[in-house]
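Trainee: A predicted structure for the sequence below; I have some questions about it.
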Amino acid sequence: MLKYLAPLALICAAVPVSAQEAAPSPTATSPDGSLVLSFSTDYERRPHWSLTRKGKLLIAPSKLGFMLADAMALQRGFTIEGVERARGDERWEQPWGERRFVRNHYEELLVRYRQDDNWGGRRMNVRFRLFDDGIGFRYELPAQEGLTTARIADEVTEFDIAPEGTAWWITAGEWNRYEQHYQKSPIDGVATAHTPITMRLDDGTHLSFHEAALVDYSAMWLKRVEGRKFRTTLAPSSRGARVVRDLPFATPWRTIRIADSAAGLVESDLELNLNEPNKLGDVSWVKPMKYIGIWWGMIRGPWSWAEGPRHGATTERTKQYIDFAAKHGFGGVLVEGWNKGWNVNWFGHGDQFRYTEPVADFDLKEVADYARKKGVTLVGHHETGGNIAVYEEQLEAAMKLYGELDVRAVKTGYVADAGGIVAPGEAPGTTVMEWHDGQRQVQHHQKVVETAAKYRIAVNPHEPVKDTGLRRTYPNLVAREGARGMEYNSWGAFANSPDHEPTLVYTRMLSGPMDYTPGVLGLKGSDDVPMTSTLAKQLGLYVTIYSPIQMAADFIESLEAHPRELDFIKRVPVDWADSRLIAGEVGDYAVFARKDRGSADWYVGAVNDATPRTLDLGFDFLDAGKSYTATIYRDGEGATYLTDARHRIAYETIRVKKGDRYRLWLAPGGGAAIRLHRGR
């Protein structure tokens with residue numbers, strides 16, 4: 001059972017070092033001294049910050065502040081009134097995750113700014129936290145006279161990156177939300193990017209820019225101003241002002257992960273540490289699981305969401321999937337298209353969806369009762385078509401119904417173009433158009449998660465706002481989509497390129513778990529289009545693309561036709577005691593080793609781009625003095641994603657121990673999976 005535990009081994013979390021310094025020190029350092037933060041005001045008394053790492057300038061002096069929609073900007077005429085320092089060092093336990101225990105070790109600096117009276121006399125604080133692997137900072141606007149509500153037109157938060165380097169990114173504000181191919185360019189070739197955006201500097205330093213604890217605020221986009229200078233810009237709003245908040249309040253944290261290597265970037269827990277601890281209390285009802293579902297048939301085409309002779313979500317078919325799940329140990333069955341509202345053009349509309357009314361050929365109670373008797377949970381589905389006005393009217397009743405039927409997880413969806421969220425207007429009966437990652441939609445996702453928690457339901461949103469570590473605060477927010485998933489591999493010309501997954505590892509996956517829906521063992525999409533993957537790569541995805549809920553997405557007939565691969569999928573855990581990137585480079589390949597939280601077993605997974613490569617893998621992560629049976633699934637000789645040879649897979653069983661080496665060949669578009677079982 002999963003239970004929330006209070007932070008363990010609390011050493012001195014957020015212990016004040018000095019109440020306030022009359023003459024502020026211009027610097028602060030990370031615990032190991034490698035990062036040095038400096039702050040100042042320039043000749044126009046605009047707040048600036050800068051950062052060095054190991055004595056080299058990383059972030060050149062960069063501005064701080066806000067543009068307001070109805071008042072003078074918070075960016076000029078500031079004086080530093082004082083500085084407060086604190087430090088923290090704690091070890092806390094995740095109820096589920098990539099690793100069981102997380103260390104939260106930082107030095108903190110709170111800088112208090114005040115504007116001259118002729119600029120408005122407002123007060124603005126900036127709180128910095130420096131970790132050995134990065135930095136986070138946020139604005140805190142205290143209660144004050146003359147400013148009761150902040151109407152923020154945009155931020156003036158800058159990141160002036162001193163060294164040259166390469167960036168991996170997707171464009172912000174485009175129609176397809178986060179579901180884009182990642183671009184690779186020089187840093188000064190970036191336009192306006194979603195975060196996380198990953199960079200590798202010419203000296204090998206790796207950076208990831210993102211944000212943490214995005215609550216009641218618009219998402220941050222990163223806009224290049226000139227050269228390698230970037231400025232935060234916020235997702236738009238129908239109100240004009242991109243954020244409206246009553247004081248006092250704090251913004252999300254602006255974050256930079258910093259590491260010498262790709263592994264250091266991936267293994268950082270910086271954003272999680274900048275979120276508040278669990279607010280839900282006992283979360284033993286949040287259960288990591290693998291699931292199957294009535295979904296791939298609609299993606300490939302033989303079934304439909306709408307009613308009729310091709311309808312996928314029938315009572316009979318769902319029972320067949322429940323039987324399969326019970327037989328093979330899957331925890332859940334996803335059912336899409338069970339409710340009324342799919343018979344019309346629902347994309348971007350969603351006004352016909354009814355979340356408590358099943359269609360004629362689907363008996364919701366009968367199916368839920370059948371699943372319960374088999375030890376399986378239904379994974380519910382609430383597609384909105386982007387219409388949150390309709391969804392929010394029914395939200396409480398919909399979650400209550402799932403709670404009564406013992407449906408313990410729900411996949412939500414917001415299929416609409418960017419800027420196409422239909423939200424309630426201020427006047428009764430009116431609607432306005434909002435963005436998927438604007439303040440209104442951020443508020444909506446919070447409402448869904450909190451409502452689901454009342455009924456002990458886990459939430460997995462698709463077409464979501466990006467992950468910013470809120471799973472620490474709300475552990476029922478188990479995963480989300482937020483990138484191009486497996487379904488694109490079904491659509492021929494739209495298929496993900498072979499380097500997509502080894503790019504996701506170092507970009508999208510830095511934000512949190514992704515419901516990528518691996519396990520399409522037939523390697524066929526719509527009209528039998530071949531997929532850009534080898535069979536071994538489909539298994540490697542279970543270890544490389546982390547999620548506490550993992551789908552075996554293929555038809556159950558295809559899963560049964562691959563008994564050895566199905567056996568691995570059944571065994572691979574979804575909850576880990578430890579996770580390490582043991583080899584990899586951004587966009588090229590990634591090899592993870594993860595330790596099962598429930599046993600002494602380790603698992604290794606690899607994904608590769610289109611370049612064949614041979615790796616010399618070490619097993620230094622294993623326990624010393626212990627012997628393991630390694631069951632290996634790897635690309636067969638001549639395998640490639642380009643031909644029918646994508647189906648070639650080789651199996652091998654060997655004995656290994658700590659210190660042993662293994663030469664692993666990865667095919668173009670290939671991968672591998674290894675189970676390391678202590679014992680025979």
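Mentor: Nice, I can see it.
Trainee: so who does the residue nearest to the spatial centre of the chain touch?
Mentor: Taking C-alpha atoms, centre = their mean as the criterion, Gly512 is the residue nearest the geometric centre of the chain, at 3.0 Å. By C-beta atoms under 8 Å, 6 or more residues apart in numbering, the contact list for Gly512 reads 271, 467-469, 471, 479-480. Quick note: C-beta positions are derived from backbone N, CA and C, even for glycine.
Trainee: Break this protein into its domains for me.
Mentor: Domain ranges of the chain: 15-273, 483-548+574-680, per automatic domain parsing.
Trainee: tell me the mean pLDDT for the first one?
Mentor: This means domain 15-273. The average pLDDT within domain 15-273 is 95.
Trainee: circling back to that earlier point, indicate which one of the domains of the chain is closest to Ala418.
Mentor: Closest approach to Ala418 among those (C-beta to C-beta): domain 15-273, 5.1 Å.
Trainee: Now the residue sitting furthest away from the middle of the chain, what are its backbone angles?
Mentor: Using C-alpha atoms, centre = their mean, the residue of the chain lying farthest from its centre is Asn118. It sits 43.7 Å away. Dihedral angles of Asn118 (phi, psi; degrees, to the nearest 10) stand at phi -70, psi -10.
Trainee: quick one, what contacts it?
Mentor: Asn118 makes contact with Gly77, according to C-beta under 8 Å, 6+ apart.
Trainee: ok, now the one 4 residues further on?
Mentor: Contacts for Arg122 were tallied using C-beta under 8 Å, 6+ apart; they are 74, 114-115, 144, 146-147.
Trainee: So which of those wins on neighbours?
Mentor: Most neighbours among the contacts of Arg122, by other C-beta atoms under 10 Å: Leu74, with 27 neighbours.
Trainee: surely that residue meets Gly65?
Mentor: Yes. Assessed by C-beta atoms under 8 Å, Leu74 is found in contact with Gly65 at 4.9 Å.
Trainee: any shared contact partners between those two?
Mentor: Met124.
Trainee: ok so, going back, for the contacts of Arg122, give me a markdown table that also has secondary structure and distance to Ala590.
Mentor: Shown next, in a markdown table, are those (DSSP: H, G, I helix; E, B strand; the rest coil; distance: C-beta to C-beta, whole Å):
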| residue | secondary structure | distance to Ala590 |
| --- | --- | --- |
| Leu74 | strand | 42 |
| Arg114 | strand | 48 |
| Gln115 | strand | 47 |
| Gln144 | strand | 48 |
| Gly146 | coil | 52 |
| Leu147 | strand | 47 |
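Trainee: Just put the residues you listed in JSON lines and tack on distance to Lys287.
Mentor: Shown next, in JSON lines, are the contacts of Arg122 (distance: C-beta to C-beta, whole Å):
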{"residue": "Leu74", "distance to Lys287": "45"}
{"residue": "Arg114", "distance to Lys287": "50"}
{"residue": "Gln115", "distance to Lys287": "51"}
{"residue": "Gln144", "distance to Lys287": "46"}
{"residue": "Gly146", "distance to Lys287": "50"}
{"residue": "Leu147", "distance to Lys287": "46"}
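Trainee: Show me which of the residues you listed is closest to Thr171.
Mentor: Once C-beta to C-beta is applied, the member of the contacts of Arg122 that ends up nearest Thr171 is Leu74, at 28.5 Å.
Trainee: Report the beta-bridge partners for the nearest residue to the closest one once chain neighbours are set aside.
Mentor: Residue nearest to Leu74 in three dimensions, not counting chain neighbours: Phe66, with 4.4 Å by C-beta to C-beta, 6 or more residues apart in numbering. Phe66 has these beta-bridge partners by DSSP bridges: Leu74, Glu155.
Trainee: pretty sure Phe66 is touching Tyr139, no?
Mentor: Yes. Using C-beta under 8 Å, Phe66 is in contact with Tyr139, at 7.3 Å.
Trainee: Are there residues contacting both of these two? Which ones?
Mentor: In contact with both Phe66 and Tyr139: Met124, using C-beta under 8 Å, 6+ apart.
Trainee: for whichever helix or strand Val126 is part of, packing partners?
Mentor: Following DSSP states H and E, one finds Val126 within strand 123-131. Secondary structure elements in contact with strand 123-131, counted by 3 or more C-beta pairs under 8 Å, 6 or more residues apart in numbering; DSSP states H and E, are strand 27-29, strand 35-41, strand 47-53, strand 101-115, strand 134-141.
Trainee: Next, the buried residues of the longest one.
Mentor: I take that to be strand 101-115. Counting neighbours by 16 or more other C-beta atoms under 10 Å, one finds that the buried residues in strand 101-115 are 102, 104-115.
Trainee: Out of the helices and strands packed on strand 123-131, the one nearest Leu559 is which?
Mentor: Evaluated over the helices and strands packed on strand 123-131, closeness to Leu559 peaks at strand 101-115, with 34.4 Å, by C-beta to C-beta.
Trainee: partners of the closest one, with directions?
Mentor: If you go by DSSP bridges, strand 101-115 pairs up with strand 78-93 (antiparallel), strand 123-131 (antiparallel).
Trainee: possible to save these as a markdown table with distance to Gln538 and mean neighbour count?
Mentor: Below are the strands paired with strand 101-115 laid out as a markdown table (distance: least, C-beta to C-beta, whole Å; neighbours: other C-beta atoms under 10 Å):
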| stretch | distance to Gln538 | mean neighbour count |
| --- | --- | --- |
| strand 78-93 | 32 | 18 |
| strand 123-131 | 36 | 22 |
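Trainee: what's the closest of these to Ile674?
Mentor: For the strands paired with strand 101-115, proximity to Ile674 was assessed by C-beta to C-beta; strand 78-93 is nearest, at 27.3 Å.
Trainee: Figure out how far the closest one is from the centre of its chain.
Mentor: Counting by C-alpha atoms, centre = their mean, to the nearest Å, strand 78-93 is centred 27 Å from the centre of its parent chain.
Trainee: and if you look at stretch 143-155?
Mentor: Taking C-alpha atoms, centre = their mean, one finds the center of stretch 143-155 at 30 Å from the center of the full chain.
Trainee: for it, which positions count as buried?
Mentor: 147, 150-155.
Trainee: Please apply the same query to stretch 275-286.
Mentor: For stretch 275-286, using 16+ other C-beta under 10 Å, the buried residues are 275, 278, 280, 283, 285-286.
Trainee: Pick out the most distant pair among those.
Mentor: Longest distance between any two of the buried residues of stretch 275-286 is 20.6 Å, between Asn275 and Trp285; criterion C-beta to C-beta.
Trainee: okay if I get the domains of the chain as TSV plus distance to Gly438?
Mentor: TSV is the format used below for these (distance: least, C-beta to C-beta, whole Å):
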stretch	distance to Gly438
domain 15-273	4
domain 483-548+574-680	18
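Trainee: and those, which is most packed in?
Mentor: Here the criterion is mean neighbour count by mean count of other C-beta atoms under 10 Å, and of those the winner is domain 483-548+574-680, at a mean of 20.
Trainee: tell me the mean pLDDT for that domain?
Mentor: 97.
Trainee: now do stretch 551-563
Mentor: 98.
Trainee: so Met124 sits right up against Leu141, yeah?
Mentor: Yes. In terms of C-beta under 8 Å, Met124 counts as a neighbour of Leu141; the distance is 6.1 Å.
Trainee: ok, which stretches of the protein are helices?
Mentor: Ranges of helices in the chain, per DSSP state H, are 262-266, 270-273, 296-300, 315-328, 364-373, 388-404, 439-454, 500-504, 535-544, 556-560, 563-571.
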